[in-house]
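Colleague: my questions concern the predicted model and sequence given below.
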Amino acid sequence: EILMTQSPATLPVSPGERATLSCSASQSVSSNLAWYQQNPGQAPRLLIYGVSTRATGIPDRFSGTGSGTEFTLTISSLQSEDFALYYCQQYSQWPLTFGGGTKVEIK
Amino acid sequence: QLQLQESGPGVVKPSETLTLTCTVSGGSISLEYWNWIRQSPGKGLEWIGYVYYSGSTNYNPSLKSRVTISRDRSKNQFSLRLTSVTAADTAVYYCARSIVSAPRLDHWGQGIVVTVSS
């Protein structure tokens, strides 16, 4: 199975600043990469798929880049509701696998 | 708007069988993949498997020997059955839909907490 690794585990950021989250895959997943946001007590929510396509209703301060094995999620100007857990997930190969998550917290 | 809702027991005894049901509203379980995912502090998010509307299935090899996912088209539901549970199966269980052509998980249920305990 494809191993997904996220860094850092915790990212302290001040409101209004930029956050950059990384995700790497143990082998190429091409562009079959999604990002999810999870708030406490809630299910994950799809943010981005196909590396860079925002899901319905996702604001444009969220952007994704990368290809192959290295990917980045950028939140351009953090709002209060953006402090949450973020996961990457590959859907290039079964089984689907997720990264361990990055917690974006208030600095 | 598509909505998914998990239901089932919150506590299951060790060695017994866990059975959960996901009820889909606002859309049909025809087409697409219907998945189960779980989340535990120790293992993060783990994809369990899916059932396709035709009834075909695909499971995570790590759980394949203990898992059955099935669907009931007449009730617009799909179900998870996990046998011989242990404390390691304690988790929040989610049902979710994924697109066949590119299986990102675009609609999720709210999740159900399942504890394995005697």
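Modeller: Yep, it's here. Numbering: from 1, shown residues only, chains lettered A, B, ... in the order given.
Colleague: how much space separates residue B:6 from residue B:99?
Modeller: Counting by CB to CB, to the nearest Å, the separation of residue B:6 from residue B:99 is 20 Å. C-beta coordinates here come from the backbone N, C-alpha and C atoms, glycine included.
Colleague: comparing the two, which residue is more hemmed in?
Modeller: residue B:6 (22 against 15; other CB atoms under 10 Å in any protein chain shown).
Colleague: now whichever strand or helix holds the more buried one: buried residues?
Modeller: Applying DSSP states H and E as the criterion places residue B:6 in strand B:3-7. For strand B:3-7, burial by neighbour count (16 or more other CB atoms under 10 Å in any protein chain shown) applies to B:4, B:6.
Colleague: do that strand and chain A meet?
Modeller: No. Contact of strand B:3-7 with chain A (CB under 8 Å from any CB of the partner chain) is absent, the minimum separation being 9.1 Å.
Colleague: now that strand - C-alpha only, PDB.
Modeller: Presented in PDB, the C-alpha positions along strand B:3-7 are these (Å, rounded to 0.1, in the frame of the first residue of the first chain):
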ATOM      1  CA  GLN B   3     -26.700  13.000   3.500                       C
ATOM      2  CA  LEU B   4     -25.400   9.900   5.200                       C
ATOM      3  CA  GLN B   5     -26.200   8.700   8.700                       C
ATOM      4  CA  GLU B   6     -24.500   5.900  10.600                       C
ATOM      5  CA  SER B   7     -26.400   3.800  13.100                       C
END
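Colleague: partners of that strand in the sheet?
Modeller: Strand pairing for strand B:3-7, determined by DSSP bridges: strand B:18-25 (antiparallel).
Colleague: can I assume residue A:88 is in contact with residue A:96?
Modeller: No. Assessed by CB atoms under 8 Å, residue A:88 is found out of contact with residue A:96, at 11.4 Å.
Colleague: quick one: residue A:29 is in a strand?
Modeller: No. Assigned with DSSP: H, G, I helix; E, B strand; the rest coil, residue A:29 falls outside any strand and is coil.
Colleague: which intervals of chain A have sub-threshold pLDDT?
Modeller: Within chain A, no stretch falls below the threshold (pLDDT under 70).
Colleague: for burial, what's the neighbour tally of residue A:78?
Modeller: If you count neighbours by other CB under 10 Å, residue A:78 ends up with 20.
Colleague: no, scratch that, I was asking about residue A:67
Modeller: 13.
Colleague: ok, which stretches of chain B are strands?
Modeller: Ranges of strands in chain B, per DSSP state E, are B:3-7, B:11-12, B:18-25, B:33-40, B:44-52, B:57-59, B:67-72, B:77-82, B:91-98, B:105-108, B:112-116.
Colleague: what's the answer for chain A, then?
Modeller: With DSSP E as the criterion, chain A has strands at A:4-7, A:10-13, A:19-25, A:33-38, A:45-49, A:53-54, A:62-67, A:70-75, A:85-90, A:97-98, A:102-106.
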